[in-house]
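Chemist: A predicted structure for the sequence below; I have some questions about it.
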Amino acid sequence: MSDITKVLRDDHARIKRLFLRANQSSEDLDIALDVCDELIIHATIEDEVFYPALAELNKGMADDAEDDHEAAKELIAEIEDLDPDDPAVRTMMMQLQKSVMRHFEKEEKVLFPVLEKGYPDTLLEMGSEAFKIRQELLGARPPRRKTIGTQTANVGWAAKRRTSNTSNMGF
């Protein structure tokens, strides 16, 4: 099992790959919705596991990061309401990507080290909780659109096989 910061770093890498795919795709909305799905799962894990622990160490940092999430969630809601052929998809995804990349950088360079220093003995336990939350969210979400092109196995998260458009190898 991985510690919480590894779980979140791996999420960041998976989401970055999805953004790259979205930037290269003609199926804008489908991939945009995949990005949104991953971001919602990632944000839920952070909101339920990472930020409460961080808040015990530095409430201001946790509050600031949660504000970033709220801004991203607003953009995600707008993207989810778009029609597939809406030209705003690409523009809104670029806004979301810029915001999310800035947030990821802040987490990896500033917030993760604070948690790693403050809770070295419970990082694995938090990683286990993150894994459990991810499993629950993946199992609970209904398919809402057609699947796109080629898919890769979402290996490592569930005993039952699930496919997604990106792999979350390493867990």
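Modeler: Looks like it arrived, so ask away.
Chemist: Name the residues of stretch 13-20 that come out as buried.
Modeler: R14, I15, K16, L18, F19 (16 or more other C-beta atoms under 10 Å). From N, CA and C alone the C-beta is placed, and that goes for glycine too.
Chemist: Tell me how far the fourth one lies from D30.
Modeler: Using C-beta to C-beta, to the nearest Å, we find L18 at a distance of 11 Å from D30.
Chemist: Filter the buried residues of stretch 13-20 down to just the ones in helices.
Modeler: R14, I15, K16, L18, F19 (DSSP state H).
Chemist: mind listing what the residue lying closest to the fourth one once chain neighbours are set aside touches?
Modeler: By the measure of C-beta to C-beta, 6 or more residues apart in numbering, the closest residue to L18 outside its immediate chain neighbours is V35, 4.6 Å from it. With contacts defined as C-beta atoms under 8 Å, 6 or more residues apart in numbering, V35 is in contact with I15, L18, F19, A22, M93, L96.
Chemist: Check the gap between V35 and Y119 for me.
Modeler: Distance from V35 to Y119, by C-beta to C-beta: 30 Å.
Chemist: rewinding a little: quick check: pLDDT value at the residue nearest to L18.
Modeler: Reading off the confidence values, V35 has pLDDT 94.
Chemist: And it, which helix or strand is it part of?
Modeler: helix 28-45 (DSSP states H and E).
Chemist: Export that helix to PDB, keeping only CA atoms.
Modeler: C-alpha atoms of helix 28-45 as PDB (Å, rounded to 0.1, in the frame of the first residue of the first chain):
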ATOM      1  CA  ASP A  28     -13.400  17.200 -26.600                       C
ATOM      2  CA  LEU A  29     -16.300  16.700 -24.200                       C
ATOM      3  CA  ASP A  30     -15.900  13.000 -23.700                       C
ATOM      4  CA  ILE A  31     -12.300  13.400 -22.600                       C
ATOM      5  CA  ALA A  32     -13.100  16.600 -20.700                       C
ATOM      6  CA  LEU A  33     -15.700  14.600 -18.700                       C
ATOM      7  CA  ASP A  34     -13.100  11.900 -18.000                       C
ATOM      8  CA  VAL A  35     -10.800  14.600 -16.600                       C
ATOM      9  CA  CYS A  36     -13.700  15.900 -14.500                       C
ATOM     10  CA  ASP A  37     -14.400  12.500 -13.100                       C
ATOM     11  CA  GLU A  38     -10.800  12.000 -12.100                       C
ATOM     12  CA  LEU A  39     -10.700  15.400 -10.500                       C
ATOM     13  CA  ILE A  40     -13.800  14.800  -8.500                       C
ATOM     14  CA  ILE A  41     -12.500  11.600  -7.100                       C
ATOM     15  CA  HIS A  42      -9.100  13.200  -6.400                       C
ATOM     16  CA  ALA A  43     -10.700  16.200  -4.700                       C
ATOM     17  CA  THR A  44     -13.000  14.000  -2.600                       C
ATOM     18  CA  ILE A  45      -9.900  12.000  -1.300                       C
END
